[in-house]
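Asks: quick one, fold the following:
(one chain, ligands or ions: 1)
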Amino acid sequence: MVQLTCYGGINEIGGNKILLEDGNRKLLLDFGFPYKRHKLFYEEYLKPRSGAGLLDPLTMGLLPSLEGIYREDLETPDLWRAFRSSPSYRKLDHVDGILLSHAHLDHSGHISFLRNDIAVYSTVATTFIAKAIQDSGKSDFDQQVCYFNPASFDCPTGWKQTAFLSESTAKQQRQFCIADMTPNDLSANAIQFWSSGFWEKTPRQKGLASCALLSHSGCALNLRCFPVDHSIPGACAWAIETGSGWIIYSGDLRLHGKRAALTKRFVDKAAALKPRALILEGTNVQRATNVSEHDVYENALRAIANSHGLVIADFPARDIDRLLTFLQIAKDTGKKLAILPKDAYLLKTMRLLEQTVPDIAEDENIAIYQDTVASKNPSLWMRNLFQEYDGKIVLASDVSSSQGQFILCFSFFDLNELPSIHPKPGSLYLFSSSEPHDEEQEIDFRRLHNWLKHFELTSLGLPIEKNGEWQIPDEERGLHASGHACGTDLLNIAREINPGILIPVHSEQPSFYAEQLEGSGIQVTLPVIGRSIEI
Ligand SMILES: [Zn+2]
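Replies: Got it, this is the predicted structure:
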């Protein structure tokens with residue numbers, strides 16, 4: 001008997017945490033950061049206390065009460081006594097691994113809490129992006145996916161303190177096993193990237209392993225990893241052979257992006273396995289059609305070619321396809337695309353794996369924007385980046401004096417630079433991102449409108465408030481291609497794979513599948529948090 005238990009991603013977009021148990025074999029399918037639930041209780045200046053370790057996220061329902069799967073250094077004294085009476089409490093003696101679908105934090109973020117001896121299986125691109133995000137981000141203690149500083153045990157009050165200097169608290173790296181290539185085939189630069197930041201050659205630093213790992217109980221796990229198209233490189237779906245047949249987990253996917261052929265191939269191969277169950281995302285079930293990346297290119301090109309002065313392009317972080325769309329537009333219009341250091345770091349990381357990714361040093365249409373105040377005291381990764389691309393750095397004064405020459409890749413959180421840039425009235429703010437309920441952050445659109453009004457910028461594609469909802473005006477649509485397939489495409493995927501059971505996740509309208517697939521022969525089972533589904 002196989003059991004699937006969802007601990008997140010139910011009636012919410014993101015936060016997927018699914019436990020698959022097949023006898024003594026136990027796997028986690030993603031272990032994401034639950035943005036929606038987190039925002040119910042927390043905001044920028046009210047966060048879970050890092051010194052309280054697991055206590056806050058367990059108490060607030062951000063983590064499932066599964067004793068035995070979490071890092072012991074994050075356990076406060078007597079932690080589990082309070083949770084043992086909760087209905088969803090369980091003690092697990094082991095987990096064989098985490099199958100990670102992609103590097104968006106709503107799928108990967110809470111891996112930071114898991115025991116360090118639980119390996120993460122993923123594609124090489126996801127693995128490298130996860131490290132690039134952590135290296136270049138201000139990642140909080142609850143989003144340290146690839147490495148972490150263990151909390152110290154020697155605090156007299158019993159509460160944890162994070163110490164950075166002692167031997168027992170030195171940075172530890174998590175074991176990643178890559179599914180789509182052999183670690184030996186990685187270039188020397190790629191291997192160097194993976195080990196950068198770890199000074200000592202000790203067991204704390206872990207090289208990459210291949211995916212052929214045995215389970216805890218010694219039985220080989222028969223896994224298949226299928227690359228799919230999503231708004232971040234490296235996304236994949238998984239198939240796991242169990243005693244009840246094949247179980248497929250889609251992760252996040254779409255059929256309308258630049259790599260739609262990958263998703264199509266996945267659907268064909270998944271169908272050929274004649275799976276017993278399909279765990280399928282449903283972010284955009286209510287949408288009937290998609291805007292394609294090519295539509296975005298054409299619409300944004302037209303707007304930018306007709307603009308005068310500075311262009312600010314606001315698009316989702318880590319969406320390399322979108323960055324390349326705007327790079328092409330920069331080439332077509334004779335402008336420079338000024339990207340932030342963290343985007344440059346990600347682009348450089350992607351080029352370690354894929355030679356078709358542009359070389360920042362060689363591409364005359366790419367510049368790196370150096371923040372006016374914060375990067376005065378840059379961290380090591382940024383210092384190295386500025387050194388390596390010395391001739392590519394532009395400052396606010398450079399952009400200010402040649403406004404018509406730049407497409408600046410800023411988001412809401414970079415608007416603090418505008419007082420240094422002095423954008424001329426009528427400059428264009430092009431919003432090429434999703435409406436609210438974005439997986440990672442809910443932008444304060446009201447505040448964004450205030451900034452644009454203050455600097456007299458023209459906006460395009462930006463949601464406006466209508467009857468209490470933020471919506472992009474119809475005439476300004478077509479500047480964003482979603483990372484998720486629309487309802488029509490999702491139903492086609494479900495019908496083609498034709499599983500015995502379909503389990504919707506990552507959706508605010510999971511009942512859509514039950515309504516639409518009635519009579520199709522596919523049984524739709526709506527998961528409930530913490531309640532096992534028997535397959
Ligand atoms: Zn995603």
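
Asks: phi first, then psi, for residue 281.
Replies: Dihedral pair for residue 281: phi -70, psi 160, per degrees, to the nearest 10.

Asks: got a list of what it touches?
Replies: Residues in contact with residue 281 (C-beta atoms under 8 Å, 6 or more residues apart in numbering) are 250, 251, 252, 253, 484, 490, 504, 505, 506, 507. (Each C-beta comes from the backbone N, C-alpha and C, glycine too.)

Asks: wasn't residue 280 part of a strand?
Replies: Yes - counting by DSSP: H, G, I helix; E, B strand; the rest coil, one finds residue 280 located in a strand.

Asks: what's across from it in the sheet?
Replies: Note on residue 280: beta-bridge partners by DSSP bridges are residue 504.

Asks: which one of the contacts of residue 281 sits closest to residue 208?
Replies: Set against residue 208, the nearest of the contacts of residue 281 by C-beta to C-beta is residue 251 (20.3 Å).

Asks: nearest spatial neighbour of that closest one, chain-adjacent residues omitted?
Replies: In space, and not counting its chain neighbours, residue 251 is closest to residue 101: 2.7 Å by C-beta to C-beta, 6 or more residues apart in numbering.

Asks: any idea how far that neighbour is from residue 29?
Replies: 7 Å (C-beta to C-beta, to the nearest Å).

Asks: low pLDDT regions in the stretch 101-250 of the chain?
Replies: 139, 152-170, 198-206, 210-220 (pLDDT under 70).

Asks: what does it put close to the ion?
Replies: residue 104 (C-beta under 5 Å from the ion).

Asks: so which residue of the stretch 101-250 of the chain comes closest to the ion?
Replies: Closest approach between the stretch 101-250 of the chain and the ion, counting by C-beta to the ion: residue 104, at 3.6 Å.

Asks: give me the low-pLDDT residue ranges for the stretch 251-400 of the chain?
Replies: 374-375.

Asks: looking at it, which residue is nearest the ion?
Replies: Closest point on the stretch 251-400 of the chain to the ion, by C-beta to the ion, is residue 252, at 3.8 Å.

Asks: how close does the most centrally placed residue in the chain sit to residue 506?
Replies: Among the residues of the chain, the one closest to the centroid is residue 104, at 0.5 Å (C-alpha atoms, centre = their mean). For residue 104, the distance to residue 506 equals 10 Å [C-beta to C-beta].

Asks: got any residues that touch both of these two?
Replies: 14, 252.

Asks: and stretch 76-90, how far from the chain's centre?
Replies: 30 Å (C-alpha atoms, centre = their mean, to the nearest Å).

Asks: in it, what's buried?
Replies: 76, 79, 80, 83, 89, 90 (16 or more other C-beta atoms under 10 Å).

Asks: contacting residues for the third one?
Replies: Spelled out, that is residue 80. Counting by C-beta under 8 Å, 6+ apart, residue 80 touches residue 67.

Asks: of the contacts of residue 281, grab the buried ones for ChimeraX.
Replies: Of those, the buried ones go into a single ChimeraX selection, burial set by 16+ other C-beta under 10 Å:
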select :250,251,252,253,484,490,504,505,506,507
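
Asks: redo the contacts of residue 281 as JSON lines? Include secondary structure.
Replies: Shown next, in JSON lines, are the contacts of residue 281 (three-state DSSP):
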{"residue": "250", "secondary structure": "coil"}
{"residue": "251", "secondary structure": "coil"}
{"residue": "252", "secondary structure": "coil"}
{"residue": "253", "secondary structure": "coil"}
{"residue": "484", "secondary structure": "coil"}
{"residue": "490", "secondary structure": "helix"}
{"residue": "504", "secondary structure": "strand"}
{"residue": "505", "secondary structure": "strand"}
{"residue": "506", "secondary structure": "coil"}
{"residue": "507", "secondary structure": "coil"}
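
Asks: stretch 71-82: end-to-end distance?
Replies: Stretch 71-82 has an end-to-end distance of 18 Å (C-alpha to C-alpha, to the nearest Å).

Asks: residue ranges for the strands of the stretch 1-150 of the chain, please.
Replies: 2-8, 17-22, 25-31, 66-67, 90-91, 97-99, 120-122, 147-148 (DSSP state E, counting those that start in this stretch).

Asks: which strands or helices does the last one pack on?
Replies: I take that to be strand 147-148. strand 172-173 (3 or more C-beta pairs under 8 Å, 6 or more residues apart in numbering; DSSP states H and E).

Asks: could you do the fourth one as well?
Replies: When contacts are defined as 3+ C-beta pairs under 8 Å, 6+ apart, strand 66-67 sits against strand 90-91.

Asks: relative to the whole chain's centre, how far out is stretch 68-79?
Replies: 26 Å.

Asks: what residues does it touch?
Replies: Residues contacting stretch 68-79 (C-beta under 8 Å, 6+ apart): 28, 52-55, 58, 63, 91-95, 113-116, 118, 148, 150-153, 158-160.

Asks: now do 6 Å
Replies: Identification of contacts with stretch 68-79 by C-beta atoms under 6 Å, 6 or more residues apart in numbering yields 53, 54, 55, 91, 92, 95, 113, 114, 115, 150, 151, 158.

Asks: quick check: closest non-adjacent residue to residue 509.
Replies: In space, residue 509 is closest to residue 285, 5.3 Å off (C-beta to C-beta, 6+ apart).

Asks: the one you found - how many residues pack around it?
Replies: 24 (other C-beta atoms under 10 Å).

Asks: equivalent analysis for residue 415, please.
Replies: Considering only other C-beta under 10 Å, residue 415 is surrounded by 19 other residues.

Asks: repeat for residue 365
Replies: Neighbours around residue 365, by other C-beta under 10 Å: 18.

Asks: so who does it touch?
Replies: 330, 331, 336, 337.

Asks: neighbour count for residue 101 and residue 29, which is higher?
Replies: A direct count of neighbours by other C-beta under 10 Å for residue 101 and residue 29 places residue 101 higher, at 29 against 24.

Asks: spit out the contact partners of that one.
Replies: Counting by C-beta under 6 Å, 6+ apart, residue 101 touches 30, 107, 236, 251.

Asks: hmm, 7 Å instead?
Replies: 30, 107, 235, 236, 237, 238, 249, 251, 252 (C-beta atoms under 7 Å, 6 or more residues apart in numbering).

Asks: one more: residue 533?
Replies: Shown in contact with residue 533 (C-beta under 7 Å, 6+ apart): 3, 4, 503, 525, 527.
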